[in-house]
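*Asks:* Give the three-dimensional model of this entry:
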Amino acid sequence: MTPSNDATDLHPRLVVEDADRAVAYYETALGARLLERFTDGDGRVVHARLGIGGGEISLAEQVPAWGLLGPGALGGSAVLLHLTVANCDAVGDRMTEHGGEVVIPIADRPYGKREGRIRDPFGHLWIVSTHLFDLPDKFGTLP
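*Replies:* Numbers count the residues shown, from 1 in each chain. Below you'll find the predicted structure:
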């Protein structure tokens, strides 16, 4: 029996040390649009929803007492966020100009993409990618 899929939406929520600074970075570097922003009674951002292209991410302020820890507190990020854009070189340049760090340089890859990996100033890892061509076989071993 196949399980039913009752999901209507899925988007990551990134835990960051300074949510307002993260919102500003993603707006500048990725062209994100702030869609929602909520704070608690202490003024801490508990939810900020951003639109990026056709997708969305949310942000929450790091609160160790609640078990919300960002990549810095965890020793790095265990997740790769894959962002497909028309010009990955331009987006990668904006990300690094505003505090991101190149982890893997942007280059043409044998699997039909031009891409590289950038660590944003909050420790999250982004694959910034531009589609070049389709592979003839969707399953197998990459060159």
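
*Asks:* Count residues in the vicinity of residue 36, would you?
*Replies:* 11 (other C-beta atoms under 10 Å). Heads up, the C-betas are built off the backbone N, CA and C, glycines and all.

*Asks:* Please read the previous query as pertaining to residue 14.
*Replies:* Neighbour count of residue 14, defined by other C-beta under 10 Å: 22.

*Asks:* Just checking: what are the partner strands of the host helix or strand of it?
*Replies:* In the assignment (DSSP states H and E), residue 14 maps to strand 13-16. Its sheet considered, strand 13-16 pairs with strand 55-61 (parallel) by DSSP bridges.

*Asks:* The strand it pairs with: which residues count as buried?
*Replies:* 56, 57, 58, 59, 60, 61 (16 or more other C-beta atoms under 10 Å).

*Asks:* Nearest to residue 88 among the residues you listed?
*Replies:* residue 57 (17.9 Å; C-beta to C-beta).

*Asks:* Just list the residues touching that closest one, thanks.
*Replies:* Residues in contact with residue 57, defined by C-beta atoms under 8 Å, 6 or more residues apart in numbering, are 11, 12, 13, 14, 26, 32, 49, 50, 81.

*Asks:* Buried among these? Make that a PyMOL selection.
*Replies:* Restricted to buried positions by 16+ other C-beta under 10 Å, the PyMOL selection for the contacts of residue 57 reads:
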select buried, resi 14+26+32+49+50+81
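
*Asks:* still on that earlier bit, tell me which of the buried residues of strand 55-61 is nearest to residue 110?
*Replies:* Nearest member of the buried residues of strand 55-61 to residue 110, counting by C-beta to C-beta, is residue 57, at 29.1 Å.

*Asks:* just to revisit the earlier point, please name every helix or strand in contact with the following helix or strand past the strand holding residue 14.
*Replies:* The helix or strand immediately downstream of strand 13-16 is helix 19-30, counting by DSSP H and E. Helices and strands touching helix 19-30, as assessed by 3 or more C-beta pairs under 8 Å, 6 or more residues apart in numbering; DSSP states H and E, comprise strand 33-39, strand 45-52, strand 55-61, helix 88-97.
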